[in-house]
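Q: structure here, sequence nowhere to be found:
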């Protein structure tokens, strides 16, 4: 048995940053233990507000055609996929773009870039569930800033993020099947308010590199992830 992902540390601006490396192959997850993802083990606050911001970093290597910034599950029992912020590549046209999938359904595509590899990218998504306003900023560029009716629903929000936020898996549009992927992930930070566009620009363009969320911080012990393993 081996771990399906491993962690190591890289140094950015003289500070060690924890990185998780997922070795999924893009295939459908068929069994609960045949997985390549990580999930939050414990949310110490258990009081996610109705307005919040989630930021993360992802490394795009030669083998990374797509990846999720994160996936958040609903408050329902059993929990279901609520929304996934997803990065994908269109090889035929040689461009990359971000997509937002809500309730397992493709919602919107944005942030189109020329295809590239071997680089880190940084993204923040801010949500206000009372107004339905959603803002996404990647590497200092605004991808989305609009009212979305699908986010005007506080009943789906989990107060406790334990076992509700994931790295390394995503839900295919209009399907309940779950997929895993090949990606390196870091800096999953959650803020207890909807950050301004300028704040998200500063976080994702490197001006506030190393900053951690006030709701959940990447470096703290409570951000331990449950390691799944498979036979090799």
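A: Thanks, I have the structure now. It should be emphasised that the depicted structure is a prediction, and the values quoted were computed from it without experimental measurement.
Q: over to residue 162. Which of the three states is it?
A: Under DSSP: H, G, I helix; E, B strand; the rest coil, residue 162 falls in the coil class.
Q: do the same with the one 4 residues further on
A: Using three-state DSSP as the criterion, the local structure at residue 166 reads strand.
Q: give the contact list for it.
A: If you count contacts by CB atoms under 8 Å, 6 or more residues apart in numbering, residue 166 has them with 37-39, 68, 70-73. From N, CA and C alone the C-beta is placed, and that goes for glycine too.
Q: tell me the SS of residue 201?
A: helix.
Q: if you could redo that for residue 101, that was the one I meant.
A: For residue 101, the assignment made with three-state DSSP gives strand.
Q: okay, the residue nearest to it when sequence neighbours are not counted: pLDDT?
A: Sequence neighbours aside, residue 84 is the residue nearest to residue 101 in space, at 4.5 Å (criterion: CB to CB, 6 or more residues apart in numbering). At residue 84, the model reports a pLDDT of 89.
Q: in the sheet, who's paired with residue 120?
A: Counting by DSSP bridges, residue 120 is bridged to residue 59.
Q: test my guess that it contacts residue 58.
A: Yes. Counting by CB atoms under 8 Å, residue 120 touches residue 58, with 7.2 Å between them.
Q: neighbour count winner among those two?
A: Using other CB atoms under 10 Å, the more surrounded residue of residue 120 and residue 58 is residue 58, with 22 against 16.
Q: give the contact list for that one.
A: Under the criterion of CB under 8 Å, 6+ apart, the neighbours of residue 58 are 64, 67, 69, 87, 120-121, 123, 183-186.
Q: from residue 148, how far out is it?
A: According to CB to CB, to the nearest Å, residue 58 and residue 148 sit 23 Å apart.
Q: what of residue 50?
A: As judged by CB to CB, residue 50 and residue 148 stand 15 Å apart.
Q: which one's more surrounded, the two?
A: Taking neighbours as other CB under 10 Å, residue 50 and residue 148 compare with residue 148 leading, 17 against 12.
Q: what's near enough to touch the more buried one?
A: The contact partners of residue 148, taken as CB under 8 Å, 6+ apart, are 102, 107-108, 132-134.
Q: so which of those residues belong to strands?
A: Judged by DSSP state E, strands contain the following of the contacts of residue 148: 102, 107-108, 133-134.
Q: neighbour-wise, give me the winner out of the residues you listed.
A: Ranked by the number of neighbours (other CB under 10 Å), those place residue 134 first, at 25 neighbours.
Q: quick one, phi/psi of the closest residue to that one other than its chain neighbours?
A: Nearest residue to residue 134 in three dimensions, chain neighbours excluded: residue 148, at 4.9 Å (CB to CB, 6+ apart). As for residue 148, its main-chain torsions (degrees, to the nearest 10) stand at phi -130, psi 120.
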